[in-house]
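S.K.: When you get a sec, could you give me coordinates for this:
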Amino acid sequence: MKWSQAINDYRHYLQIERGLSHNSIENYSYDIKKLITYLEEHDVNVSPEKIDKELIKQFIYNISKTINPSSQGRLISGLRNFFDYLVFENHRTSNPMDLIESPKIGRKLPDTLSVDDIDLLINTIDLSYQYQGVNLGERNRAIIETLYSCGLRVSELIELKISDLFFDEGFIKVTGKGNKQRFVPIGESTKKYIDIWKAIRNHINVQPKSKDILFLNYKGNKLTRAMIFTIIKNLVTKSGLKKTVSPHTFRHSFATHLLENGADLRAIQMMLGHESITTTEVYMHVDRSHLSDVLNKFHPRK
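M.R.: Residues are numbered from 1 along each chain as shown. Presented below is the predicted three-dimensional model:
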């Protein structure tokens, strides 16, 4: 089996059998392509069925000089999943990654913004900003409000549909990783800002493929992930905020602020769409002072 065929078959498996998103499939494929590039650079001609542990260990040692431990761990995990698939399909009898351990890394706490930081960024938005006759300032406010108020991933934001808005019931339907859907509460102010943008959107010549997509560019096409990053980067620069901010920062802030105000961890897990509550538990490490307050308030032996 050639590497190209193995990757194509694996991508098909990830899409059909595991229901992964396009971005997740691209990330898994990228891990394998790094290995292929290494083999080509060192003139090693070996098939996916025949490559052994020692050769992969050499590859990981080589690439560990250029990537951080977190990226190295993700790479090892990605390759392990790929070879598990080859074993499952009877192309191999064993996984060469079985005895290769991921580097031990400390648990990185999420970067968060304060409520004042959020207010600063939103107040910095020029609501009169227009391009090609389309008010993009109102759109950008609705985007930031939705990211923060609903705790969405950037991929979930750009895929959000008008038909996913259930404002009368106070929820939006979000399609997350693995095409799993969840309902997330939405506040009155965020609904108001989205409605303002929807009224503007009605005057845009929306492209056929984006008819139901909520957030569009001035041409009527769905926004890209890169465009959301750019909007936020420009906003942070203009505001003078001295923090590194990405779309995910708003998601982290959403969860942290909920915890600080007494929300149940299980409820936060459901709103974030985490499959395991272990993923959500990272927020328990963000604000230890809050946990102390809970103990002092509710424990009988305080």
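
S.K.: Burial check on the residue lying closest to residue 57 once chain neighbours are set aside, number of neighbours?
M.R.: Here the nearest residue to residue 57 in space, its sequence neighbours aside, is residue 100; by C-beta to C-beta, 6 or more residues apart in numbering that works out to 6.4 Å. Any C-beta I mention is one placed from the backbone N, CA and C, and that applies to glycine too. Close neighbours of residue 100, defined as other C-beta atoms under 10 Å, add up to 14.

S.K.: swap in residue 15?
M.R.: 14.

S.K.: That one reaches residue 25, doesn't it?
M.R.: Yes - taking C-beta atoms under 8 Å as the definition, residue 15 is a contact partner of residue 25 at 6.1 Å.

S.K.: count of neighbours near the closest residue to residue 214 other than its chain neighbours?
M.R.: For residue 214, ignoring the flanking residues on the chain, the nearest one in space by C-beta to C-beta, 6+ apart is residue 160 at 4.8 Å. If you count neighbours by other C-beta under 10 Å, residue 160 ends up with 23.

S.K.: go on, residue 134?
M.R.: Other residues lying near residue 134 total 20 when counted by other C-beta under 10 Å.

S.K.: Please report phi then psi for it.
M.R.: When quoted as degrees, to the nearest 10, the phi and psi of residue 134 stand at phi -110, psi 130.

S.K.: show me the residues around it that make contact.
M.R.: Residue 134 makes contacts with 200, 203-204, 218, as judged by C-beta atoms under 8 Å, 6 or more residues apart in numbering.

S.K.: From those residues, keep the buried residues only.
M.R.: Members of these that pass the buried threshold by neighbour count (16 or more other C-beta atoms under 10 Å) are listed as 200, 204.

S.K.: Poorly predicted segments of the stretch 101-250 of the chain, please.
M.R.: Low-confidence segments of the stretch 101-250 of the chain, defined by pLDDT under 70: 103-110.

S.K.: My guess is residue 94 contacts residue 84. True?
M.R.: No - when contacts are counted by C-beta under 8 Å, residue 94 is not listed as touching residue 84 (10.4 Å).

S.K.: so can I have a markdown table of the contacts of residue 134 showing distance to residue 57?
M.R.: Formatted as a markdown table, the entries for these read as follows, by distance: C-beta to C-beta, whole Å:
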| residue | distance to residue 57 |
| --- | --- |
| 200 | 56 |
| 203 | 59 |
| 204 | 54 |
| 218 | 51 |
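
S.K.: Filter the contacts of residue 134 down to just the ones in helices.
M.R.: Secondary structure defined by DSSP state H assigns residue 200 of those to helices.

S.K.: Quick check: of the contacts of residue 134, which lies closest to residue 10?
M.R.: The shortest separation between residue 10 and any of the contacts of residue 134 is 38.2 Å, and it belongs to residue 218 (by C-beta to C-beta).

S.K.: Contact partners for that closest one?
M.R.: 131-134, 136, 204.
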